[in-house]
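Chemist: coordinates only, sequence not included:
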């Protein structure tokens, strides 16, 4: 009986292995059945219906690549397809070379197996093409792939000119000049990470650079929202026509600086590709803000190399979405008064309901009025109710008695570069095993921009008195 069971299991395993391998074998059959006597360019040049594209390859010098030992895949438009090519491309050597490169990949590509299979492939001009079923971008693939000793050829029924990426399209478009001009001209200085010296990493894995690192100018949209030049990502980007852009700007002016529209344009970008027919009534921007949408507001669309751009006549944001509640997380500090690494604990614990949370504790640091500094940029001008959560006395916590800590906020109006002023905002009496939020009071920023806060210990060096603990601070806007 045991012997029969053993044989049955072996038979089932063999059947499962053969079934699983069948798809894999099928997938590679076309490549295995290659004509190893000729190269990609020889195969291409031998086909009369592809003679025009062969001429383009020869005139741009890519014929020398396609006869090499490196593998390539070519998606070749037919002569009839190339009859529709814009004359400005074929007449310009640089544009023609880019056009040809937009049809060649530096590897052998097997065609997707089903009409729903999707593949993203980098081309010689660094653009990335999308293959869905028997399509290459907007062109249809006719017939099967032809495999030779150094690659593959697919015949397509349309030429595929190089597309602009989202950023390039925005800069070249005249559809939304107020938005385009603003975004293209906002810049900031950032650390030149390629040339800066890394001396360590903080708790979240971010590099710590040596003092006075080299700085370079970068567009603020690339660094704070999304780098719309990146070819290996896909974005949906909205361009708001001038009249609507002015309306939305006016609506947000009481909460943001009058000349700062970053609070508006920060929510024009969505990760992923959403054509008009796939647009829902709401999308989430890259920073998590709801974008209200109607297909009727889409004036026109452009399929970019790294996504899609919709020119729209309206994006009626809600104030409560543009001026949201935010948190400052205790375990994500910006800096400290002094290095007390050995006294600083980044903790992961369970609260009284069994829910995991993370916080920070600095214990027995021996510095009077020691502080942890937190910063948050682009804080709107509105009155906030502020709540804090700090849990002391849980299992394993060295802090076994109540203590007091304070919150100081940088005063942007009275501070100078050499004499910063931090005003006392609230005093927090931390009691043992209190898992509830504690109301700290109301806070109104003096101007739009940076919130710079110090969590400060008691004016004491005594152990258990000078402790700092913070799960989070929550800022809830009071809106009309």
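Modeler: Thanks, I have it. Nothing here was measured: the structure is a model prediction, and the numbers come from that model.
Chemist: quick check: buried residues in stretch 254-272?
Modeler: For stretch 254-272, a neighbour-count test (16 or more other CB atoms under 10 Å) marks 255-257, 260-270 as buried. All C-beta atoms are positioned from the backbone trio N, CA, C, and that covers glycine.
Chemist: for these, which two are the farthest from each other?
Modeler: The most widely separated members of the buried residues of stretch 254-272, counting by CB to CB, are 257 and 270 (25.0 Å).
Chemist: residue 132 is in contact with residue 118, correct?
Modeler: Yes - in this structure, residue 118 is within contact of residue 132 by CB atoms under 8 Å, at 5.0 Å.
Chemist: re the thing from before, which of the buried residues of stretch 254-272 fall within strands?
Modeler: 269, 270 (DSSP state E).
Chemist: which ones among the buried residues of stretch 254-272 map onto helices?
Modeler: 262, 263, 264, 265 (DSSP state H).
Chemist: what segments of this structure are helices?
Modeler: Applying DSSP H to the chain gives helices spanning 2-32, 40-45, 51-60, 63-66, 79-82, 87-90, 93-101, 166-172, 177-185, 220-224, 242-252, 262-265, 319-322.
Chemist: to residue 470, which of the ones you listed lies closest?
Modeler: That would be helix 220-224 among the helices of the chain, by CB to CB, at 25.0 Å.
Chemist: got the buried residues for that closest one?
Modeler: Residues of helix 220-224 classed as buried: 220, 221, 222, 224 (neighbour count, 16+ other CB under 10 Å).
Chemist: what of stretch 452-470?
Modeler: The neighbour-count check on stretch 452-470 (16+ other CB under 10 Å) flags 452, 453, 454, 455, 456, 457, 458, 466, 467, 468, 469, 470 as buried.
Chemist: beta partners for the fifth one?
Modeler: Assessed by DSSP bridges, residue 456 has beta-bridge partners residue 371, residue 406.
Chemist: quick one: residue 62 and residue 100 touch, right?
Modeler: Yes - using CB under 8 Å, residue 62 is in contact with residue 100, at 5.7 Å.
Chemist: re the thing from before, residue 419: which of the ones in helices among the buried residues of stretch 254-272 is nearest?
Modeler: residue 262 (28.7 Å).
Chemist: return the distance of the closest one relative to residue 94.
Modeler: Applying CB to CB, to the nearest Å, the value for residue 262 to residue 94 is 36 Å.
Chemist: now residue 480
Modeler: Residue 480 is 56 Å from residue 94, where distance means CB to CB.
Chemist: can you check residue 395 too?
Modeler: To residue 94, residue 395 is 69 Å away according to CB to CB.
Chemist: these two: which has the busier surroundings?
Modeler: Shown here are residue 395 and residue 94; by other CB atoms under 10 Å, residue 94 has more neighbours (9 against 6).
Chemist: between the buried residues of helix 220-224, which sits nearest residue 37?
Modeler: Ranked by distance to residue 37 (CB to CB), the buried residues of helix 220-224 are led by residue 222 at 49.0 Å.
Chemist: tell me which helix or strand in the protein has the weakest average pLDDT.
Modeler: helix 2-32 (a mean of 43; mean pLDDT, DSSP states H and E).
Chemist: just to revisit the earlier point, could I get the ones in helices among the buried residues of stretch 254-272 as TSV with pLDDT?
Modeler: Formatted as TSV, these follow (pLDDT from 0 to 100):
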residue	pLDDT
262	90
263	91
264	95
265	96
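Chemist: mind listing the strands for the stretch 201-350 of the chain?
Modeler: Ranges of strands in the stretch 201-350 of the chain, per DSSP state E, counting those that start in this stretch, are 207-209, 215-219, 235-240, 269-271, 282-284, 290-292, 298-304, 307-312, 326-329, 335-336, 344-350.
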